[in-house]
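> requesting a structural model of the entry that follows:
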Amino acid sequence: MSPETNTSPNKVCPTCGTRLSENATRCLVCGRNFTTSTKAATPSPVQSPKLPELKLSLPAALGLVVLVLGLGAALIYVILNSTGNIATPTVTPTITLTPTSTNTPAPTTEPTLAPTPTNLPPISYVVKAQDSCSLIAVMYGVSVNSIVQLNNLDADCLTLTEGQTILVPVPTPTASPMPTATLSAQEATENACGTFPYTVVENDTLMGISLNYNISVDSIKTFNNMPNDVVYVGMRLSLPLCERKPTAGPTPTPTLPPPYSQPSLLLPADGTVYTNLNDTITLQWASVGTLRENDRYAITVEDVSSGGEKKMTQYVTETKFIVPASMRPLDNTNHIFRWSVVVVRQNGSTSDGEPIFVNFGTVSLYRVFGWSGTGTGSNTSPTSTP
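Purely as a prediction, here's the structure:
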């Protein structure tokens, strides 16, 4: 017979080693009491099904948020647009501040000193034979009254004697106006009619001039604004060629008027004074048009302070002329120079082959300039070169 195998659960007394049943509360041998150790049952947690996880970087998350907001805004706009409840916003003007400009001072440059017109002292003039106040006034471009007042002469100025020294005032320099293409009524009449410049010489009378040029006395007086028939030596007249009387005969030959108008002088300004030894005087005038092959500008420069002894005329095709240094005075005084320009035409040649020029236009108005002497000696008259 095989031994029984105890399969029931039991426990051993820790004091005496007796085997006891598992449910025994006291050892039957040694009397030790047992306490039942109960373990707190730990409830196992109930696990719910996990949701899928999506991991995004920060830039991607921000982009996704912006996209969602944009889609939402678009959806709201579509809904409001379909209902017609979108209000047009009122534009509020925004004030834009204009920056204040700061003026930066420009660098200071030294101005170039140019000759300026100055009042010139009176000119001493020695009266010659047959001189009169009117002749001297015309020669220097001043009024008879100014000569009378400056020299305390009689009102009729009939007390001049040969060899007498008088003072002649210099015209007050005035600013030269810029040349203009618009002609005055008198200039337009002269250009349309054509004139011939004439200077009265000794023993001339207005009737004699009228007979020589076949122009009536009344036409000459009207064209030159003359109050009477009196003319004097040196008086300048403009003879209207269009007023010439018809020539007796079957076939009169018409006289062609000069084709060129009066040149307008530009520089230097009237009354300019040159005092530096290194000054270069350049005379300039406006063009009257294209010159023909045999035509020239005749530029005349005269030292009126020397009594007309120093005078030159040059013929050029340009509209400028540099006064040669030989014209400069050699004494220690200021000399007054007068200059003018007229268009001339060659009318033959001399036996030496030099061209002969005649006036073929109207003489320009006169201008004057002052030129200080060098103080190196006496003046000599230059030779006029055609």
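> mean confidence for the longest helix anywhere in the chain?
Longest helix of the chain, by residue count under DSSP state H: helix 58-83. The pLDDT scores in helix 58-83 average 88.
> for the very next helix or strand once past that helix, which outside residues touch it?
Following helix 58-83 in sequence order, the next helix or strand is strand 123-126 (DSSP states H and E). With CB atoms under 8 Å, 6 or more residues apart in numbering as the test, strand 123-126 has contacts from 136, 140, 163-170, 304-305, 307, 336. (C-beta placed from N, C-alpha, C; glycine too.)
> kindly report the domain assignment for the protein.
Split into domains by automatic domain parsing, the chain comes to 123-168, 195-257, 261-386.
> rank those domains by pLDDT, which is bottom?
domain 195-257 (a mean of 78).
> between the two ends of stretch 210-225, how far is it?
End-to-end distance for stretch 210-225, by CA to CA, to the nearest Å: 16 Å.
> now it: buried residues?
By neighbour count on 16 or more other CB atoms under 10 Å, the buried set for stretch 210-225 is 210, 213, 215, 219, 220, 221, 223, 224.
> quick one, phi psi at the second one?
In this entry, residue 213 is assigned phi and psi values of phi -110, psi 10 (degrees, to the nearest 10).
> return the distance of it relative to residue 199.
The spacing between residue 213 and residue 199, counted by CB to CB, to the nearest Å, is 13 Å.
> output the contacting helices and strands for the strand ranked longest in the chain.
If you go by DSSP state E, the chain has its longest strand at strand 334-349. Packing partners of strand 334-349 (3 or more CB pairs under 8 Å, 6 or more residues apart in numbering; DSSP states H and E): strand 265-267, strand 282-285, strand 295-303, strand 355-359, strand 367-372.
> turn those into JSON lines, including mean neighbour count and distance to residue 62.
As requested, the helices and strands packed on strand 334-349 are exported to JSON lines (neighbours: other CB atoms under 10 Å; distance: least, CB to CB, whole Å):
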{"stretch": "strand 265-267", "mean neighbour count": "17", "distance to residue 62": "79"}
{"stretch": "strand 282-285", "mean neighbour count": "16", "distance to residue 62": "80"}
{"stretch": "strand 295-303", "mean neighbour count": "21", "distance to residue 62": "88"}
{"stretch": "strand 355-359", "mean neighbour count": "15", "distance to residue 62": "98"}
{"stretch": "strand 367-372", "mean neighbour count": "22", "distance to residue 62": "87"}
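> can you list those in TSV and add distance to residue 147?
Formatted as TSV, those follow (distance: least, CB to CB, whole Å):
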stretch	distance to residue 147
strand 265-267	25
strand 282-285	28
strand 295-303	19
strand 355-359	30
strand 367-372	16
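> of all those strands, which lies closest to residue 328?
Nearest of those to residue 328, taken as CB to CB: strand 367-372 at 6.0 Å.
> can I get that closest one in PDB? Just the C-alpha atoms.
What follows is strand 367-372, C-alpha atoms only, in PDB (Å, rounded to 0.1, in the frame of the first residue of the first chain):
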ATOM      1  CA  ARG A 367      29.800 152.800 -77.800                       C
ATOM      2  CA  VAL A 368      32.700 154.000 -75.700                       C
ATOM      3  CA  PHE A 369      35.100 152.400 -73.300                       C
ATOM      4  CA  GLY A 370      37.900 153.700 -71.100                       C
ATOM      5  CA  TRP A 371      41.500 152.400 -71.300                       C
ATOM      6  CA  SER A 372      44.200 153.500 -68.800                       C
END
